[in-house]
Structures are given as C-alpha cells and as structure tokens.
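*Asks:* Quick one, structure for this:
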Amino acid sequence: MRTISSSSRWLLVCVLAVGILGAGTPAPAPPDSAKSGPAYPGPTYAALDSFLQDQVDAVGIPGAAVAVVRDGAQVHSAAFGRADDSGRPLTAQTPVLLASTSKSLTAIAVMQQVEAGRLQLDEPVQTYLHWFTLDDSRSSAITVRHLLHQTSGMASKDTAFEASDAQGPEALEEGVRALSGSALAGEPGEAFHYASANFNILGLLVQTVSGQPFGDYMEQHVFGPLKMAHSHPTQSAARADNAAAGYSRWFGSFWHQTDVPAPTTGMPSSTMYASAEDLGHMLIALLDGGRYGDARILQPGSVEATFEPRVQVDGSKEYAMGWFTRPLAESVDPGAPPGPDSDLPLLLEHQGEWGNSHTYLAMVPESRLGVALVINGNDTAAPSRLKAIDTNILRILHGQSPLPAVVQEDWLQRYSWAVSLALLLAELLSLWLALRFLLRRHTPSQERWIPLAWAAATLTLDGFALWLCLVYAPARFDTHLAVIIRQFPDVGVSLVPVLALAILWPVPRTVWLLARLRAGAGTNGRQRAEPAAP
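*Replies:* As a prediction, the model looks like this:
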C-alpha cells in the first residue's frame, strides 16, 4: 500500500485551503466585449420562444426572429420558420426588409450631422437644399426638426413613393425633387402628420452635408461602428447577404412568397435591411447613451434629444425623433384596476409595415430593456394580427400573459380583395352581356328599353369602380392607387383588369350600342313602311 509523504500532505492541505477560500470569491468580470449581460429568468424566455413558435404555427407566419437586450448586452435571441420557399431557416442574423423602422436608423445619422455642426435642427431645409420646395409657399418654413418629429405638414397620400421600382443611387434625390408638386396638409410645426417623405428628405440632407451617398454613409458611420454586419442600405446588397424573401397573405387565407417594390427612393424611411441581432446592437447603443462597446455613435445629449417627444399623436401617444412614445401599459396586469399613466415606464417604439414584411423595435429606458422583432411577411388585410405579437412580446417580458389578437381593421380593408374580385366579376359579366347583345342580328322593337336600361346600369357600375379606385380607396388608405396595387398584391391582381375595363370599354361599348339601336330602329321603320304583299 502506497503512503503519502508529509511534504505531499502539506501541499494537498494548501491546495484544498486555496480552493475553499476561492469558492467564496467572485470570478473576474469578463471584458466588455464579451459581456453576456443579466438575463430575465429562464422560463420568461421559454415562454417568449413558445409564444413565437405558436404564432408561426397558428397564423402561418413564414418566419420570425427576435433579439432582447438589457443593461448593455444581448440577453436572448431566437428565430423560427423559413427565410424563403427553399426551406432555408430564418436566423437571428438574416437580413429582413425593415420598412418604417428604417427611420430610427436615419435619425441617428441626422443627429451625428447635428453634432458635427453640419446640420442645425431649427434651420429650414432650404438652408441646405436651396431648390427644395413643395406646391405650397409654406414649405419654405419646414425645418430639420419638423421632419424628425413628423410635423412638416406633408401628408402620406400626396408624397407616396412605395410603388416605385427605382434602385439607382440617384433615386433618393430624384424622389425628393419630385415632391415639388405635392401639397401641404397642414401648417409646418403645427401638428403630427405621418409621412415617410419626411425621412427621405432627412436622408438627402445627410447625403448633401456629409458629401457622401446616404447608403455609403450608413455603412461607414452607423452599421460599421455598431458591428451590424448583416445590415444593408439597398435591396441588392441585402440579397447578396442571403436576405429573407418577403411573403404576403393572399385573400386572407394563405401566405405566398411575393416581391413588392423596395425602391432606393425610400431608403432613409423604409427600405433598409437588417437582422434582429443587428437591430439589437442599435438598441444597446441608444440605451447606453450612444455607446456600443468601444465605439460611440452619439453623445448622451443627442440620445436624450432623440428620445424627447415633441408632438402629440393621439391620447397619451407622442412622437420623438423616429420613435413613438407612450406609457408601457403591457407592464401591468390588464385585469388590475387602472392607475395613472404617470406611474408607468416610458416606452419608445416603432413598427414597420410593408407589403411583405413586418418589423418592430421597442425600448424601455428606465430598465434599459430593448426588443427587436423581424417577420418576413405581412398580412396587409389585417396587420393588427402581427401588431398584437409586438405588444404580447412586451407583456411576456414583463411577466404578463399574452392576450388574444383582436382584428381592428374595418370591413373594407379586411375584405378589399373580395371587393376587388367582385368588381372584376361584375365587369366581366357586363362585358359578356354587352357582347351577347351587340352580336345579335336583330332586337325586337318592343325590347329596345332592356339594352338601354342595362347600358345605364353598366355605366353606373363603371363609375362606381372608378370612384372606389381613384377617389375613395386612396383617401381611405392615405396613399396612391399605384401603391395599393403594388403593395396589396391580392387586391392589385383584380383591380388592374377592373380599371382597364372601366376606363377602356365604356366608350366603345356605348357607341356600338347606340349604333345598333339606331340601325335596328331604321330596319323596323322600313319594315313598317313596306306595303303588304297581295
């Protein structure tokens, strides 16, 4: 049997003593770049992931990715579903079209130029773009701050660009110059009027005063310092990085991979791309006073200015610089007695809605919590279904149970595809009846009132279709008809032939009908004038 020497026993005692004492000493903190950050309890993230998986399964969402940050670090990320029809999985690093959450990124670039002294918030846009004008003399009073707070007075319908296919680097300036024929809906600085054109102008301002194309500027001064390796200013760059394909929900029933325009005209407001994890980097920087790791993209004062709401939207909702603000109602039990909004933390959020994507950003500065969600699809007939996912994520992260989605859209938006399809069927029926009558050889004189009544009815149908498409729908959805056709593909597939029939067919149909009736009347008159045979 082997024995242990006294020197060996003494060494063993020393080692054990060091081990016991070291057990009560905290390990050295990891370097800042390796921070994992404090996390919510495990079951909270399990509940979040389970909820998102349920949404993918139940609603049929093609794919979703989420990133959660807190106290200067990413604490959770997850992805579900597919990136495209090949079955490639969506990941937290997959670029997705951001839609309006692009505005939050552009606001950073604008404030960087303010810090550099190249832009002044309360200077008119014309100070930097001498040619800038709208179809209203009041446009000369629009300032940089008005654009950031959506108070320029521009309306979304009069400045819509979403139907454009422009992809060239010159499209941004061309789009802003094209606004010269747009009217103002209100006095600059007076009230909130949401219009993506506000941020497109801001992007051109950054491009002009920095002397650098806007997309290049974002890559060098925003994406680069924030280590947003899977974020891109253009569609082509995103696709080269295996961006997710977009999906639309067709006819309120099935999801279909669908291409809709993503023009560089709207890059600063709507058409940049980023992954969920990259957006988390941006949230970390904003919640940490403008710093991400060793890089500083903004000074703390600029971040505070970005967060400050300056205009009321409705109720307790206000708008800051690229962020909506409101009390965080999701942090309390919905069944509890309501308390004053002042007792609730402030939430900054922005949603992105495109014809084939949905994104969401949220920050709670008080708890330094941030959430980024990207979904590579959109239900344009009932976007409230996806917006409910946004708010339920906030509920889950604050220990509350998710609530069932409530569809809030009116019947016209929910069933616009059915309305357009019904109009198409009515127009096709009208065409068939017209050809059936016009190709007949003879119409009895006693039945001549029937085609006349029918002709009046078809003209009424044509007039209704044109009014609905050219007047009511653009006013109802605050956009152009071309945008409805391009961004609501299941509606557009019926509206295009409806418009073609309603515009091109009525005149030749009516002329042909009157000619036939006149010819028929002449034939009947000649028959009556002929003497009877002996």
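*Asks:* Tell me which residue is most central in the protein.
*Replies:* Centroid-nearest residue in the chain, with C-alpha atoms, centre = their mean: E353, separated by 2.1 Å.
*Asks:* Test of understanding: give the bridge partners of that one.
*Replies:* Under DSSP bridges, the beta-bridge partners of E353 are H358.
*Asks:* How about the contacts made by it?
*Replies:* Listed by C-beta atoms under 8 Å, 6 or more residues apart in numbering, the contact partners of E353 are A99, S100, N378, T380, P383. (Glycine included, C-beta is placed from N, CA and C.)
*Asks:* again, only using 10 Å
*Replies:* E353 sits next to 99-101, 270, 359-360, 378-380, 383, 386-387, 487 when contact means C-beta atoms under 10 Å, 6 or more residues apart in numbering.
*Asks:* Would you list the phi and psi of the closest residue to T106 other than its chain neighbours?
*Replies:* Spatial nearest neighbour of T106, chain neighbours left out: P268 (4.3 Å); criterion: C-beta to C-beta, 6 or more residues apart in numbering. Torsion angles at P268 (phi, psi; degrees, to the nearest 10) stand at phi -70, psi -20.
*Asks:* repeat for A382
*Replies:* The phi and psi torsions at A382 (degrees, to the nearest 10) take the values phi -150, psi 70.
*Asks:* L184 and G153: what is the separation?
*Replies:* 4 Å (C-beta to C-beta, to the nearest Å).
*Asks:* okay, these two: which has more neighbours?
*Replies:* In this view L184 and G153 are compared by other C-beta atoms under 10 Å, and G153 has more residues nearby, 24 against 20.
*Asks:* from what I can see that one touches H193, true?
*Replies:* Yes. Under the criterion of C-beta atoms under 10 Å, G153 makes contact with H193 at 6.1 Å.
*Asks:* before we move on, the earlier item: now intersect the contacts of E353 with the strands, please.
*Replies:* Secondary structure defined by DSSP state E assigns T359, Y360, N378 of the contacts of E353 to strands.
*Asks:* Of the residues you listed, which count as buried by neighbour count?
*Replies:* When the ones in strands among the contacts of E353 are checked for burial by 16 or more other C-beta atoms under 10 Å, the buried set is T359, Y360, N378.
*Asks:* Nearest to P327 among these?
*Replies:* Distances from P327 to those, taken as C-beta to C-beta, are shortest for Y360 (17.6 Å).
*Asks:* how much space between the closest one and V260?
*Replies:* Taking C-beta to C-beta, one finds Y360 at 19 Å from V260.
*Asks:* V491 too?
*Replies:* Counting by C-beta to C-beta - V491 and V260 are separated by 12 Å.
*Asks:* what touches both of the two?
*Replies:* Common neighbours of V491 and V260, using C-beta under 10 Å, 6+ apart, are T380.
*Asks:* Out of those two, name the residue with the larger neighbour count.
*Replies:* V491 (24 against 21).
*Asks:* Next, that one: phi, psi?
*Replies:* Dihedral angles for V491 - degrees, to the nearest 10 - are phi -80, psi -40.
*Asks:* Please tell me how far it sits from V507.
*Replies:* As for V491, its distance to V507 is 26 Å (criterion: C-beta to C-beta).
*Asks:* With F477 instead?
*Replies:* Distance from F477 to V507, by C-beta to C-beta: 29 Å.
*Asks:* out of these two, which sits in the busier spot?
*Replies:* Comparing F477 with V507 by other C-beta under 10 Å, the one with more neighbours is F477, at 20 against 10.
*Asks:* Name the nearest residue to the more buried one, sequence neighbours excluded.
*Replies:* Nearest residue to F477, sequence neighbours excluded (C-beta to C-beta, 6+ apart): I484, at 6.2 Å.
*Asks:* Over to A238?
*Replies:* Using C-beta to C-beta, 6+ apart and skipping residues adjacent in sequence, the residue nearest A238 is Y273, 3.7 Å away.
*Asks:* That neighbour contacts S102, doesn't it?
*Replies:* Yes. Assessed by C-beta under 10 Å, Y273 is found in contact with S102 at 8.8 Å.
*Asks:* ok, so of the contacts of E353, who is nearest M282?
*Replies:* Nearest to M282 among the contacts of E353, with distances taken as C-beta to C-beta, is T101, at 9.7 Å.
*Asks:* which residues in the stretch 1-150 of the chain form helices?
*Replies:* Applying DSSP state H, counting those that start in this stretch to the stretch 1-150 of the chain gives helices spanning 6-23, 42-59, 102-115, 144-148.
*Asks:* which stretch in the ones you listed has the least confidence?
*Replies:* By mean pLDDT, the lowest-scoring of these turns out to be helix 6-23, with a mean of 38.
*Asks:* and which of the contacts of E353 is nearest L286?
*Replies:* Nearest member of the contacts of E353 to L286, counting by C-beta to C-beta, is T101, at 12.8 Å.
*Asks:* And for that closest one, nearest residue in space, chain neighbours not counted?
*Replies:* In space, T101 is closest to G352, 4.0 Å off (C-beta to C-beta, 6+ apart).
*Asks:* What is the neighbour count of that neighbour?
*Replies:* 25.
*Asks:* Residues contacting the helix or strand where L459 lies, please?
*Replies:* In this structure, L459 sits in helix 449-467 according to DSSP states H and E. Contacts to helix 449-467, defined as C-beta under 10 Å, 6+ apart, come from residues 420, 423-424, 426-427, 429-431, 433-434, 437-438, 440, 443-444, 472-473, 495, 498-499, 501-503, 505-507, 509-510, 513-514, 516-517, 520.
*Asks:* Quick check: what element follows that helix along the chain?
*Replies:* Sequence-wise, the next helix or strand downstream of helix 449-467 (DSSP H and E) is helix 473-477.
*Asks:* Quick one: mean pLDDT over that next one.
*Replies:* On average, the pLDDT along helix 473-477 is 86.
*Asks:* residues of it that come out buried?
*Replies:* A473, P474, F477.
*Asks:* And for stretch 499-511?
*Replies:* Using 16+ other C-beta under 10 Å as the test for burial, stretch 499-511 gives L499, L501, A502, W505, P506, R509.
*Asks:* neighbouring contacts of that stretch?
*Replies:* Contact with stretch 499-511 is made by 420, 423-424, 426-428, 430-431, 434-435, 437-438, 455, 458-459, 461-470, 481, 485, 495, as judged by C-beta under 10 Å, 6+ apart.
*Asks:* Could I have the buried ones of those residues as ChimeraX selection syntax?
*Replies:* In ChimeraX syntax, the buried subset of the contacts of stretch 499-511 is picked out as below (16+ other C-beta under 10 Å):
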select :420,423,424,426,427,430,434,437,455,458,461,462,465,468,469,481,485,495
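*Asks:* tell me the contacts of N378?
*Replies:* Shown in contact with N378 (C-beta under 10 Å, 6+ apart): 61, 97, 99, 246-249, 255, 258, 260, 352-359, 385-386, 487-488.
*Asks:* Filter these down to the buried ones.
*Replies:* So, of the contacts of N378, 61, 97, 99, 246-249, 255, 258, 260, 352-359, 385-386, 487-488 end up buried under the neighbour-count rule (16+ other C-beta under 10 Å).
*Asks:* any low-confidence regions in this structure?
*Replies:* Applying pLDDT under 70 to the chain flags residues 1-42, 441-449, 519-534.
*Asks:* 80 - rerun?
*Replies:* Where the chain drops to pLDDT under 80, the residues are 1-43, 335, 338-339, 436-455, 513-534.
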